[in-house]
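# Got a predicted model here, sequence first, then my questions.
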Amino acid sequence: MLLYWIILPIVWVLAHLIWRIEVVGREHYDAVHDGRALVIASNHICNLDPVYIAIALMDWRRMCILAKEELFQNPFIGWFLRCMGAVSIDRGKGDTATVDRVTNACRRGTAVLIFPEGTRTKTGKLGILKSGAFVIAASAGADMLPCRILYDTKDGKMHLFCRIRIAFGPAIPADELQITDAAHKVTMLRHMKARLRTALEDLLKANAFAVQTAELAPPAPAVPAPAPQTPPEPAAPPAPPAEP
């Protein structure tokens, strides 16, 4: 924990100098992270996303970050992620032990950061949402806080020295994330995913950088072609003069 607080301020200064991080909607996090269970559900664009979100919150209560096992294969990155509170999960196997561990931490009041897409997007756009974040939230009785991380680039991806905006929206209450009927679990999960996707897309529309707004704007309505003009009927020939 001490090492976490030594590293985080240093990274905070560097990140603000290089990327000029801006936080929107911090009050939504403060409103729900009061000791109750909380899952932060964010879109995922680059490997540094969890670092930026931790910097944006700067909470003395270290969060638990669920990260793919491949990120821990690099010794330095693995060490750094563990200092940030990351937990590795093997996505290719049923890693129930890690899921149980994270769920228990969440139930005890530790904020858990999860990327429901399960992997980074290759297009900068929101991908398919997986069920893991919702299963953990339901098991822990947690609220779910939508988080959208935005990069000031046309393709939506992170580039060196680009600005970063991290936006939080109103939390989805825990009682709306409960799987109350096992027979309809798939349907309930589908509804939860749709609810989160809508929240994340709304955060994008409300907080997109100027370079991205052109792509978000609805297409201009098509101008109908003018109706073809009906040619005037030829004038009748003049009447012959009357005979004397």
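Looks like it arrived, so ask away.
# From I10, how far out is the residue nearest the centre of the chain?
Nearest to the mean C-alpha position of the chain, by Cα atoms, centre = their mean, lies N43 at 2.9 Å. Distance, N43 to I10, using Cβ to Cβ, to the nearest Å: 26 Å. C-beta here means a position set from N, CA and C on the backbone, and glycine is covered the same way.
# Check A97 too.
Distance of A97 to I10, computed by Cβ to Cβ: 33 Å.
# what do you get for A137?
32 Å.
# Next: M63.
M63 is 18 Å from I10, by Cβ to Cβ.
# what does V112 give?
Distance from V112 to I10, by Cβ to Cβ: 24 Å.
# Give me the more crowded residue out of these two.
Between V112 and I10, V112 has the larger neighbour count (other Cβ atoms under 10 Å), namely 26 against 9.
# Confirm that L145 sits in a helix.
No. Read with DSSP: H, G, I helix; E, B strand; the rest coil, L145 is strand and lies in no helix.
# So in terms of bridging, what pairs with the nearest residue to R101 once chain neighbours are set aside?
Once flanking residues are discounted, R101 sits nearest to V87: 6.9 Å by Cβ to Cβ, 6 or more residues apart in numbering. With beta bridges defined as DSSP bridges, V87 has these partners: L66.
# pLDDT score for V87?
The model reports V87 with a pLDDT of 90.
# Residues contacting stretch 66-80, please?
Residues from elsewhere that reach stretch 66-80 (Cβ atoms under 8 Å, 6 or more residues apart in numbering): 7, 47, 50, 81-82, 86-91, 98, 102, 112-115, 118-119, 132.
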